[in-house]
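>>> Starting from these lines, generate the structure:
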Amino acid sequence: MKKFAYIGCLGFIGVITTEFGVIGILPQIADHYQISIDKAGILLSAFALVIALTGPFMTLLMSGFDRKKVMLAAISIFLITGIVSAFSPPFWLLILVRILPAFLQPVYIATALSVAVSQGSKENKNELMSIVFSGVAIAMVTTVPLATYLASLFSWEYSFVMQAVVSAVAFLGIYFVLPTMPVREKKSYGSQLKILTKPTFIISTAMNFFMISAWFSTYSYFADYLNKAKYMDNTMVSYMLFLFGLIGLLANWISGKMLNKSVTKTTAFFLSGTIIIPVLLHFSGGNTMATIIVIGIWGFLYAPSFLNASTYMISSVPKSLEFANSLATSFGNLGVTLGTTAGGWIIATRGVSYTPWLTVIFGILAFTMMGWRSYLERIDNNRQKKLILS
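Presented below is the predicted three-dimensional model:
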């Protein structure tokens, strides 16, 4: 049943609106609190760091609870903290309420994916996962740019009002549509932790980390980059976020279909954007039309990044979906932290126009991890063939 996947997607929209909704308003937040843009970026990097450090442990801890209750608890935290943030509290408190929902974000994602896949067959597993992950692209085309647009019309606090509204809708959807879903057979912690001993899984985790670092070294400062490097005002930035998400929505659907045929080739295809996009951004210069075209390509190649990263990691340990995905979420967000932090450092020392070149460096590292995993898999396959022949 795809219904459960769509409910998971609805909650994902609320989660992503909260995590990435600040990207388009970082300049306004920096102005309001009289701080630098890289310090304002802590609102994104701190959120991601908490996910990275606590995600797998929280997922293991919550793995025995009713899945509906887990999803409701997670979304309710997003709702409450969105309301508090809308009242423009002191910066230290804004950081604190940004951090709180991060503890349950990977738990929500892992649980939503597990619920969606449990209702389907092995053949359409990746397609059901892509429906849940399409919440990322939908948020990028609807709620994230709308939040930025509202901030440009009124003030940045309205962005958090939008986040709270989306979380409320998601809460109601989960409450009224999903049945109670108790866990019938809880896996032991030891059986789940065993995947950490597999070299291919560890390398896949590193690929995820570098790929997300690559994208977010520039994307975290999307608004600031377009303001200063491409001379676009805040209203134009909200339009670019809309374009970015609209094309990304199509890309997510296409990626889900492609992953059913080849996980490795699909991941490599979209990862190529980490090298292609910075080059195109450089040569687009101050030409607005050329920049718009590049942003469209950027949105297409970026949008399925979390889906591809998770699927690539899970493909090395297909029997440990929930825990593997929580690790994918954690290391992906650790990548968000590294990318955001490195991007902020480049902005502070060289200027925002240099951030895309960080994307290239991290992208090359991600491709190196893919090559390493492929090499180990070939050795393992050859070893198995020799055993069969002998």
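
>>> burial measure for the nearest residue to Ile42 once chain neighbours are set aside, as a count.
Distances taken as CB to CB, 6 or more residues apart in numbering put Ile95 closest to Ile42, at 6.3 Å, once the chain neighbours are dropped. (Glycine included, C-beta is placed from N, CA and C.) A count of nearby residues for Ile95, using other CB atoms under 10 Å, gives 14.

>>> Equivalent analysis for the one 3 residues further on, please.
Here the number of neighbours of Arg98 (other CB under 10 Å) works out to 23.

>>> related to what we said a few turns ago, let me know the helix or strand that the residue nearest to Ile42 is in.
Under DSSP states H and E, the secondary-structure element containing Ile95 is helix 91-99.

>>> Alpha carbons of that helix, in CSV - could you do that?
This file holds the C-alpha atoms of helix 91-99, laid out as CSV (Å, rounded to 0.1, in the frame of the first residue of the first chain):
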residue,chain,number,x,y,z
PHE,A,91,19.8,33.7,19.9
TRP,A,92,21.0,31.1,22.4
LEU,A,93,17.4,30.0,23.0
LEU,A,94,16.8,29.9,19.2
ILE,A,95,19.7,27.5,18.9
LEU,A,96,18.4,25.4,21.8
VAL,A,97,14.9,25.0,20.3
ARG,A,98,16.5,24.2,16.9
ILE,A,99,18.5,21.4,18.5
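
>>> which SSE is the most centrally placed residue in the chain in?
The central residue of the chain, meaning the one whose C-alpha is nearest the mean C-alpha position (CA atoms, centre = their mean), is Phe306 at 5.0 Å. Taking DSSP H and E as the criterion, Phe306 maps to helix 305-314.

>>> That helix: what's the following helix or strand?
As the chain continues past helix 305-314, the following element, by DSSP H and E, is helix 321-349.

>>> how about that next one: buried residues?
Of all the residues in helix 321-349, those buried under the rule 16 or more other CB atoms under 10 Å are 321-344, 346-347.

>>> repeat for stretch 23-37
Residues of stretch 23-37 classed as buried under the neighbour-count rule (16+ other CB under 10 Å) are 23-30, 32, 37.

>>> Restricted to helices, list these.
26-30, 32, 37 (DSSP state H).

>>> Which of the residues you listed sits closest to Thr59?
Among these, Leu26 lies closest to Thr59 (CB to CB), at 29.1 Å.

>>> how much space between that closest one and Pro182?
With the distance defined as CB to CB, to the nearest Å, Leu26 ends up 42 Å from Pro182.

>>> what does Ile276 give?
Here the criterion is CB to CB. By it, Ile276 lies 47 Å from Pro182.

>>> Neighbour count: those two, which is higher?
Comparing Ile276 with Pro182 by other CB under 10 Å, the one with more neighbours is Ile276, at 17 against 10.

>>> Output the contacting helices and strands for the helix holding Phe306.
Counting contacts by 3 or more CB pairs under 8 Å, 6 or more residues apart in numbering; DSSP states H and E, helix 305-314 is packed against helix 125-141, helix 199-219, helix 234-261, helix 263-271, helix 321-349.

>>> Where does pLDDT dip in the stretch 51-200 of the chain?
119-123, 184-192 (pLDDT under 70).

>>> Likewise for the stretch 251-390 of the chain?
When the per-residue scores of the stretch 251-390 of the chain are filtered using pLDDT under 70, the ranges that remain are 318-322, 389-390.
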